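Participant: quick one, fold the following:
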Amino acid sequence: MNSDERDSEQAPDQRPDHRQDPESTGPPAAGRSDGGPPAAATDAQAIGSAQAGPSGGSRTAVIIAVLAVVTILLIALGIWWWADRSSDAAEGAPSSNEAVTRFVDAVNADLPGVLDTMSPAEQRHASSFTLLLMRYSGGPAMSEGEAFETIQDNLGRYADVIDQTMVVEDVEEVRMADDMTAAVVTDGSVTLEIVDIDGFADITADIISENYPDEQLERLGVSNTEELAEAISEELEGGQTSYSRQFSPTAPLILVTVDERGWFISPAASAAAYANTDFFTDPAARQDFIQRNGELTLLAPQRSESPEAAVSDFAEALAEKPLDDALGHLPIGEQRGLGLSLYLAGIPQIQELSLGDLLTLSNLSTVTDEVSDHSALSILQSLTLRANPFLTGQAMEVVLEDGQLTVGTCESVDVSAFLGAGAPVGAFAVLQDDTGWSVSLVGTVLNAAAAAAEAGPEGLVGDLDGCFAP
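Facilitator: You can find the predicted model right below:
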């Protein structure tokens, strides 16, 4: 484990566990429970399945689309802030195997237990950029504490309307690094089910209504919470309300665990692992891969003293260092996810690539707009970007100065409206952890999408039409 991820020595795990001896070879089989809902994927899967059923018309299709995004966003906010405040969240399992056992047992018990098994570093990361996105919801402004209390209440309500079961029969550990191990489940299953459709619809309609003003609900074709709940219920009644999956050698469940004062599940690395499932399920293919590409290496995180310095340091690293070095300037979750994805791609040349060979960036300056105590937007004020002719087919220069954007030989365009504090499309999302600030690529992309939807950049797109053509 990198020293930058630790703020104290690892504390021994004190929580009693009566389910499995840590020395055993894998988690025990687990049965059904009537506990609380799992992570946001529970609602996403049920909603996605419902969309596959008969449609009630374009209105309900729009409602369900918004429902999926908003529900996941709000549940995620509650999850990460609950976990960030839990006194047990920093207390990890004594081994990778035990971390997986705790995860399976918690899925079959209640949601807070699942949260205890997740990487604390990634929890802090997610909580910060989730709050960043909340500024575009259109609902009433809330402090972090108020948002936490509201969403926690809603999460408790979901416990009565959703059931989940996970069974694990066969698991193999694959060591990735000293502080990272993958648990590969090749025999087992997971089942999710909405057991009370009307109750689920009422809860979800309440969550949306609390965070969207009446005029936004009217755009969806409903005028109040009751109509929204009815539309959601009708859509779910017409489709599937359950999801199940069997784990096998060809379709495994991969849970990557990391060591942070004990062992936890890393959601970011677990998602990235699916870029190359053969690496985890085929020992011969894994050995051949390692012989060709070497072992996985993630460099120590690099942090900056301020949001502005984080953007400057990240840009400098992209221009002057190999890509895998530059990843050290990202939050730990993104470094793990992107770093593991690049490694599993099996193309070492990508990791050694320096973007400075393709693009040069100069005259970069930003101004900070604080979002919360641990997140901010560094809004672009000026930059000069020059592209290698090999990349674009011609010499290309992009200049931003005093709110004017000039691309190549095109006329300058006023973009000041997209650089304001309200909905800054041209901004880097920056997050703070215990050791300093870093640029979040995920937060940057999500902010740009949300801000663009708010600002409506159609006119800007028309003004720049043809400017980037070779």
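Participant: which parts of the stretch 201-350 of the chain are helices?
Facilitator: Counting by DSSP state H, counting those that start in this stretch, the stretch 201-350 of the chain has helices at residues 214-219, 225-237, 267-272, 277-281, 283-293, 307-320, 323-326, 332-344, 348-352.
Participant: which one of these is the most hemmed in?
Facilitator: helix 332-344 (a mean of 23; mean count of other C-beta atoms under 10 Å). Every residue, glycine included, has its C-beta placed from N, CA and C.
Participant: from the contact counts, what lies against it?
Facilitator: helix 120-134, strand 253-259, helix 267-272, helix 323-326, helix 348-352, helix 441-455 (3 or more C-beta pairs under 8 Å, 6 or more residues apart in numbering; DSSP states H and E).
Participant: ok, and what's touching it?
Facilitator: Here helix 332-344 makes contact (C-beta atoms under 8 Å, 6 or more residues apart in numbering) with 5, 119, 121-122, 125-126, 176, 180, 256, 258, 266-269, 271-273, 275-276, 279, 293, 296, 298, 301, 323-324, 327-328, 330, 350-351, 433, 440-442.
Participant: could you do stretch 241-257 as well?
Facilitator: 45-46, 49-50, 96, 99-100, 103, 168, 176, 180-194, 197, 263-266, 269-270, 272-274, 277, 280-281, 336, 340.
Participant: domains in the protein, by residue range?
Facilitator: 3-163+195-241, 307-463 (automatic domain parsing).
Participant: and the residue nearest to Ser223 when sequence neighbours are not counted, how far from Asp206?
Facilitator: Spatial nearest neighbour of Ser223, excluding adjacent residues (C-beta to C-beta, 6 or more residues apart in numbering): Leu217 at 6.9 Å. To Asp206, Leu217 is 12 Å away according to C-beta to C-beta, to the nearest Å.
Participant: how many residues are close by Asn224?
Facilitator: Asn224 has 13 neighbours, counted by other C-beta atoms under 10 Å.
Participant: typo on my end, it should be Ala201
Facilitator: 23.
Participant: can you add distance to Asp373 and give the helices of the stretch 201-350 of the chain back as JSON lines?
Facilitator: Below are the helices of the stretch 201-350 of the chain laid out as JSON lines (distance: least, C-beta to C-beta, whole Å):
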{"stretch": "helix 214-219", "distance to Asp373": "28"}
{"stretch": "helix 225-237", "distance to Asp373": "32"}
{"stretch": "helix 267-272", "distance to Asp373": "22"}
{"stretch": "helix 277-281", "distance to Asp373": "38"}
{"stretch": "helix 283-293", "distance to Asp373": "40"}
{"stretch": "helix 307-320", "distance to Asp373": "13"}
{"stretch": "helix 323-326", "distance to Asp373": "27"}
{"stretch": "helix 332-344", "distance to Asp373": "18"}
{"stretch": "helix 348-352", "distance to Asp373": "34"}
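Participant: so which of those helices comes closest to Arg157?
Facilitator: Closest approach to Arg157 among the helices of the stretch 201-350 of the chain (C-beta to C-beta): helix 225-237, 13.0 Å.
Participant: tally up the residues packed near the residue nearest to Gly403 when sequence neighbours are not counted, please.
Facilitator: In space, and not counting its chain neighbours, Gly403 is closest to Ser416: 3.3 Å by C-beta to C-beta, 6+ apart. For Ser416, the neighbour count with other C-beta under 10 Å is 10.
Participant: hang on, Ser416 packs against Glu401?
Facilitator: No - applying C-beta atoms under 8 Å as the test, Ser416 and Glu401 come out as separate, 11.2 Å apart.
Participant: does Val184 have beta-bridge partners, and which?
Facilitator: Counting by DSSP bridges, Val184 forms beta bridges with Glu172, Ile254.
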